[in-house]
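Student: turn this into a model:
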Amino acid sequence: MLAQARTTLAQTRTTLAQKRTTLAQTLGTFAALGFAASTVAVAAQQAPNAAQHAAAMANPPAVQHAPARPSSDDASPLAEMAPQLQRWIEESAASTWMIRLPAGADSGATDGADGDVGAAGLRVEVKVGRLNRGMRLAPCARIEPFLPPNARLWGRGFVGVRCTEGATWSTMIPVTVSVFGPALVANLPLPAGSMPSPGDFRIDEVDWTRTTGVPVTDPAWLAGRSLARPLSAGQVLRANDLRVPQTIAAGDPVRIRMVGTGFSVSASGFALAGAGEGQSLRVRTESGRMLVGTVRERTVEIRL
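Tutor: Numbers count the residues shown, from 1 in each chain. Here you go, the predicted model:
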């Protein structure tokens, strides 16, 4: 009986030992599986980054270059002719505003900035502008400049250029034409109504295109004239700043002298307004005819 119990106990111990062995093997297997799973998970997380890095190294991204800037205006067909265009404008400028000076203009003022001016003693400077940056002109074998209708190369304006060989385009170019010449400049402030003297002025070279009106160039023109407006020191004296004393009043009897080629005819008449030496005056003859002439020492001279 006792021997049987010992045998059963031994079998139980063996069974327990086997179960312990099995449990240990199972735990070992679980542990191994758990470690392997975590390793695979980490590797799986690292693989995409490694693949991306490898791909990036093998295929670097393309460098984004700034878009090429369009060619500058200097590359246009007009770039090479800029010096010739400037010279052409300098030579052509005077022809757009020079006329034969009227009688009396040689006394110190010309007729021009409000009309036309003479070119004697004037210096022309030209600045040629640029075309619109968005404009592209076809290559041209021959380009020639031209003046638009009624163009006047005085101050800011435009000249035309056109292709006459190789293409058919035509365009306008902005230009600035400065006309420098002598002018009387006030040395001190001068009130309106005063009779200026040559000592009140100096002669400077000024840009006539920046002055409204025609500058006075000769101090002799001051004789017998008063200022129609006040002048500040450094201000240019213009022809219309001077007032000629009135020598004929409206209704005064005047001598009318009509001058033609090789002959002259005199008649009597009456002044219809007041005027001074060298100014225009409207008169009426004794027969009732209306005429316009220039005052010359109380005689109204009319050129036929």
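Student: buried ones in stretch 223-235?
Tutor: For stretch 223-235, the neighbour count (16 or more other CB atoms under 10 Å) marks 225, 227, 231, 235 as buried. C-beta coordinates here come from the backbone N, C-alpha and C atoms, glycine included.
Student: not counting stretch 286-300 itself, show me its contacts.
Tutor: The contact list for stretch 286-300 (CB atoms under 8 Å, 6 or more residues apart in numbering) reads 103-104, 247-248, 254-258, 267-269, 271-272, 275-285, 301-303.
Student: quick one: end-to-end distance for that stretch.
Tutor: 14 Å (CA to CA, to the nearest Å).
Student: swap in stretch 161-176?
Tutor: Criterion CA to CA; first-to-last residue distance in stretch 161-176 is 16 Å.
Student: renumber starting at 552 from here on
Tutor: All set: I'll call the first residue 552, so the last point we hit is now stretch 712-727.
Student: what residues of it count as buried?
Tutor: The neighbour-count criterion (16+ other CB under 10 Å) identifies 712, 714, 718, 724, 726 as the buried residues of stretch 712-727.
Student: could you do stretch 688-706 as well?
Tutor: Those would be 688, 691, 694, 696, 698, 704, 705, for stretch 688-706 by 16+ other CB under 10 Å.
Student: closest one of the buried residues of stretch 774-786 to residue 793?
Tutor: Of all these, residue 776 has the smallest distance to residue 793: 4.2 Å, by CB to CB.
Student: now for the closest one: which residues touch it?
Tutor: 746, 747, 793, 794, 795, 796.
Student: endpoint to endpoint, stretch 682-693 covers what distance?
Tutor: Chord length of stretch 682-693, first to last residue, is 18 Å (CA to CA).
Student: next one: stretch 788-802
Tutor: So stretch 788-802: terminal residues 33 Å apart, CA to CA.
Student: and the furthest pair within the buried residues of stretch 688-706?
Tutor: 691 and 705 (28.6 Å).
Student: in this structure, which spans are strands?
Tutor: Shown for the chain, the strands assigned by DSSP state E span residues 674-679, 693-697, 706-716, 721-737, 752-758, 777-778, 793-794, 797-799, 804-811, 814-822, 826-827, 831-836, 841-847, 850-854.
Student: so can I have JSON lines of these showing mean pLDDT and distance to residue 640?
Tutor: What follows is the strands of the chain, written out as JSON lines (pLDDT from 0 to 100; distance: least, CB to CB, whole Å):
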{"stretch": "strand 674-679", "mean pLDDT": "89", "distance to residue 640": "5"}
{"stretch": "strand 693-697", "mean pLDDT": "90", "distance to residue 640": "8"}
{"stretch": "strand 706-716", "mean pLDDT": "91", "distance to residue 640": "6"}
{"stretch": "strand 721-737", "mean pLDDT": "92", "distance to residue 640": "6"}
{"stretch": "strand 752-758", "mean pLDDT": "95", "distance to residue 640": "16"}
{"stretch": "strand 777-778", "mean pLDDT": "92", "distance to residue 640": "36"}
{"stretch": "strand 793-794", "mean pLDDT": "89", "distance to residue 640": "33"}
{"stretch": "strand 797-799", "mean pLDDT": "88", "distance to residue 640": "43"}
{"stretch": "strand 804-811", "mean pLDDT": "92", "distance to residue 640": "40"}
{"stretch": "strand 814-822", "mean pLDDT": "92", "distance to residue 640": "44"}
{"stretch": "strand 826-827", "mean pLDDT": "88", "distance to residue 640": "39"}
{"stretch": "strand 831-836", "mean pLDDT": "93", "distance to residue 640": "35"}
{"stretch": "strand 841-847", "mean pLDDT": "93", "distance to residue 640": "36"}
{"stretch": "strand 850-854", "mean pLDDT": "92", "distance to residue 640": "35"}
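Student: perfect, I'm done here.
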